[in-house]
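> Fold the following for me, if possible:
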Amino acid sequence: MLTVDDYGAIRRARRDGMSIRQISRQFGHTRKTIRHVLNHAEPPLSTTRDRKAPRLGPVEPIIDQILADDQAAPPKQRHTAAQIHRRLRDQHAYPGGYAQVQRYVLKHRRHHRETFIPLGHLPGQRLEADFGHIHVDFPDGRRLVPFLVTAWAYSNAPFALALPFERTEAILEGMVAAFEFFGGVPKEVWWDNPKTVATLILKGRERQVHPRYAALASHHVFDPRFCMPARGNEKPDAESTVKAVQKRFATPVPCVGDLDELNKRLHHWCLTERDRVVRSLVGPFTIKDRLAEDLAAASPLPERRFESCVIHPAVGVDKYQSVAFDGNRYSVPRPFAFAMVTVKGFVDRVAIISQGQVVATHERSLEKPMMILNPLHYLATLGRKPGSLDHAPVFRDWKLPACFAELRARLERQHGTGAGSRQYVRVLQLLAEHPLTRLGHAIETCLSEQLETAEAVIRRTKALAAIEVAKRPGSPPPLESLTPTQIDVPLPDLSRFNQLLGGPGDDSPISVFFA
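Numbering: from 1, shown residues only. As a prediction, this is how the structure comes out:
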C-alpha cells in the first residue's frame with residue numbers, strides 16, 4: 001500500500017522530468033499505478049473493499065438467524081462467537097476457521113449497537129436517586145454502610161446520607177432529608193426499580209408504587225419516575241455520584257465514631273462539591289451556579305414535614321403487652337393489652353399509636369429476634385404479681401440508682417421479705433407519674449432520715465412535686481394561700497329549747513333527758 005510519502009516522491013520525480021516508464025522502474029510499481037498517483041495528490045481514505053468469502057458465505061444466513069434469535073434470549077444465555085463457530089462446525093460441516101466467524105459477528109454487532117441522543121434537562125425538572133455502599137471504620141471494627149444519593153440532572157448538585165439499611169423507611173428518610181438539604185422539590189424523582197419503592201413492574205414504565213412512597217410523592221407534589229429494568233444508564237448523574245462518594249469521599253476509608261459523625265462529613269463534602277467545575281458536552285459550568293437555577297424552578301417545601309415511616313395498622317397486643325414489628329416485639333402500657341394498635345416504623349425508632357395518640361416509643365433494634373420492653377409499662381401488672389420483681393428480665397435488668405436497692409434492702413429487713421417487696425413495688429409504681437430524678441431524691445432523703453416505709457417515700461415525692469410546681473413561673477399559689485380567713489362562730493345556747501317546750505306564761509324551766 002502506497003503512503004502519502006510515496007505519493008509525494010513519485011509526483012516530485014515526474015516534476016523533475018522523469019518519464020512514467022522511468023518512475024515505474026525506479027519505484028517498482030506498474031505504470032497504471034504511477035498514472036493513478038499522478039492524478040491524485042494523496043491516497044484514498046479507505047482502501048477496504050468487499051471480498052468474497054467462499055467458505056463463510058454459505059453459512060452467513062445461519063449466523064444471522066442465530067444472532068436474531070439471541071435478541072429474545074436472556075442476556076447471559078446468548079451465543080458467543082466461539083459457540084457460533086462450534087455450531088457451524090458440528091451441525092453444518094463448516095470448514096473455515098474461528099477468526100472468520102469472529103470478524104463477521106463483531107461486524108454484525110457493531111452495526112446493531114445502541115446509539116444515544118444527547119439530553120439536556122430543564123432546571124428544577126429532574127432529581128435522580130440511588131443507593132451505594134462504602135466501607136467505614138467504626139470503634140467496633142470495619143462495616144459496610146449503605147448510603148442514599150440524589151443528584152440534580154441539570155446542575156449535578158449532590159446529596160448523600162448514610163443509613164442503617166435500605167428499607168422503605170430509610171428511603172423516605174433520605175428523600176425528605178435531601179429535599180430539606182436543597183430547600184426545594186423537583187418536578188420528577190427518578191429511581192431504578194428497588195422493591196422498596198416499586199413493588200411491581202408492569203408494562204413499559206408503569207409501576208405499582210409502594211403506598212408510603214406514593215404518599216411521599218403526593219405530600220411533596222413530585223412525579224415518581226422509574227428507569228427501564230437493567231438500564232442504569234437512564235440515571236447517569238446518580239450513578240456518577242455514587243462513584244464520586246466511593247472514590248473522592250471514602251478514599252481512604254473514613255474512620256468515625258458513629259453514623260452521625262459520618263453524615264456530618266458527608267454533608268460537608270456535598271457542600272464543597274458545589275464549587276466543582278463540571279466538564280459537560282455543552283461546556284464547563286460550576287455546580288453552584290446551575291443549582292441556583294434548579295432551586296429557582298423547583299417547588300417549595302411543604303409546610304408540614306412528612307412522616308418518614310412505614311405504617312402497620314391493626315396490630316394486636318398480646319398477653320405480654322407487646323406488639324410485633326420487623327421480627328421483634330415492643331412493649332405497650334397495661335391499659336392497651338389485647339387491643340388493636342397502629343405501629344409506625346422509623347429508621348431509628350418505633351412508635352405505637354392508639355386512637356390517634358402515641359402510647360409507646362422505643363429505640364428501634366436491628367438485631368432479631370429481640371424483645372424491647374419498657375419497665376414502666378409493667379408497673380401496673382407488677383402490683384398484682386410482685387414475684388416478677390426478681391424473675392422477669394424487664395425488672396431484673398433495670399438499671400436504677402443505687403438508692404433504690406438500698407431502700408429495698410431496708411424495707412425487707414424491717415418488714416420481712418414479702419411485705420418489704422410489696423412496699424418496694426409501691427415505690428416503683430410512683431415512676432408512672434414522677435420522673436426518676438424526683439423519686440430518687442425522695443428516696444435518698446427518706447433513707448437519711450430513717451423513714452423506711454413506702455408511705456414516707458410517697459409523701460416526700462408528692463411534696464417535692466408540689467414544690468417544683470410552685471417554683472415554676474406563672475404557677476398558681478400554694479394551697480395554704482387559698483384557705484379562707486378563719487371566722488369564730490359561737491356555740492348555740494341549748495337552754496332556749498326549754499322555753500319552746502314550756503306552756504304559755506310558764507317561765508319555769510323544764511328538764512329534758514335523752515335516753
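
> can you count the residues close to the nearest residue to Ala454 once chain neighbours are set aside?
Distance criterion CB to CB, 6 or more residues apart in numbering; nearest residue to Ala454, sequence neighbours excluded, is Gln423 at 3.9 Å. The C-beta positions use only the backbone N, C-alpha and C, and glycine is treated the same way. Using other CB atoms under 10 Å, Gln423 is surrounded by 22 other residues.

> quick one, what contacts Gln423?
Taking CB atoms under 8 Å, 6 or more residues apart in numbering, we find Gln423 in contact with Leu411, His415, Thr453, Ala454.

> quick one: the residue nearest to the second one when sequence neighbours are not counted from His133, how far?
This means His415. The shortest distance from His415 to any non-neighbouring residue, by CB to CB, 6+ apart, is to Gln423 (6.3 Å). From Gln423 across to His133, the span is 56 Å (CB to CB, to the nearest Å).

> which SS class is the residue nearest to Ala454?
helix (DSSP: H, G, I helix; E, B strand; the rest coil).

> how much space between it and Ser448?
Relative to Ser448, and taking CB to CB, Gln423 is found at 18 Å.

> How many residues are close by Lys247?
If you count neighbours by other CB under 10 Å, Lys247 ends up with 10.

> part of a helix, is it?
Yes: counting by three-state DSSP, Lys247 is part of a helix.

> how about low-confidence regions in the stretch 351-500 of the chain?
474-500 (pLDDT under 70).

> hmm, who's touching the top helix by length along the chain?
Assignment by DSSP state H gives helix 454-471 as the longest helix of the chain. For helix 454-471, contacts defined as CB under 8 Å, 6+ apart pick out 407, 411, 423-424, 426-427, 430, 434, 438-439, 441-443, 445-446, 451, 475, 477-478.

> Next: stretch 26-36.
Contacts for stretch 26-36 (CB under 8 Å, 6+ apart): Leu2, Asp6, Ala9, Ile10, Ala13, Met18, Ile20, Arg21, Ile23, Ser24, Val37.

> so how far is stretch 133-140 from its chain's centroid?
17 Å (CA atoms, centre = their mean, to the nearest Å).

> meant to ask about stretch 20-38
77 Å.

> Between its first and last residues, how far does it reach?
9 Å (CA to CA, to the nearest Å).

> Test my guess that Met371 contacts Arg329.
Yes: contact criterion CB atoms under 8 Å: Met371 and Arg329 qualify, at 4.9 Å.

> Identify the contacts common to these two.
Ser322.

> thinking again about what came up before, just send the contacts of stretch 26-36 back as JSON lines, with secondary structure, distance to Leu106 and pLDDT too.
Output for the contacts of stretch 26-36, formatted as JSON lines (DSSP: H, G, I helix; E, B strand; the rest coil; distance: CB to CB, whole Å; pLDDT from 0 to 100):
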{"residue": "Leu2", "secondary structure": "coil", "distance to Leu106": "28", "pLDDT": "88"}
{"residue": "Asp6", "secondary structure": "helix", "distance to Leu106": "31", "pLDDT": "91"}
{"residue": "Ala9", "secondary structure": "helix", "distance to Leu106": "37", "pLDDT": "93"}
{"residue": "Ile10", "secondary structure": "helix", "distance to Leu106": "36", "pLDDT": "93"}
{"residue": "Ala13", "secondary structure": "helix", "distance to Leu106": "42", "pLDDT": "93"}
{"residue": "Met18", "secondary structure": "coil", "distance to Leu106": "45", "pLDDT": "93"}
{"residue": "Ile20", "secondary structure": "helix", "distance to Leu106": "42", "pLDDT": "93"}
{"residue": "Arg21", "secondary structure": "helix", "distance to Leu106": "45", "pLDDT": "93"}
{"residue": "Ile23", "secondary structure": "helix", "distance to Leu106": "40", "pLDDT": "92"}
{"residue": "Ser24", "secondary structure": "helix", "distance to Leu106": "39", "pLDDT": "93"}
{"residue": "Val37", "secondary structure": "helix", "distance to Leu106": "33", "pLDDT": "91"}
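
> Now the buried members of those.
With burial judged by 16 or more other CB atoms under 10 Å, the buried subset of those is Leu2, Ile10, Ala13, Met18, Ile23, Ser24, Val37.

> Select, from these, the two members most distant in space.
In the buried ones among the contacts of stretch 26-36, two members sit farther apart than any others by CB to CB. They are Leu2 and Met18, at 16.9 Å.

> Quick test: name the residue nearest the centre of the chain.
Centroid check for the chain by CA atoms, centre = their mean gives Ala170 as the closest residue, at 1.7 Å.

> surely that residue meets Leu163?
Yes: counting by CB under 8 Å, Ala170 sits close enough to Leu163 to count as a contact (4.3 Å).

> Quickly list what's touching both of those two.
Pro146, Leu148, Val347.

> In helices, which of these fall?
Applying DSSP H to these, no entry is found in helices.

> For my notes, confirm Leu200 occurs in a helix.
No: looking at Leu200 with three-state DSSP, it is strand, so not inside a helix.

> Determine the number of other residues adjacent to it.
Leu200 is flanked by 11 other residues according to other CB under 10 Å.

> Skipping its backbone neighbours, what lies nearest it in space?
Closest to Leu200 by CB to CB, 6+ apart is Gln208, at 3.6 Å.
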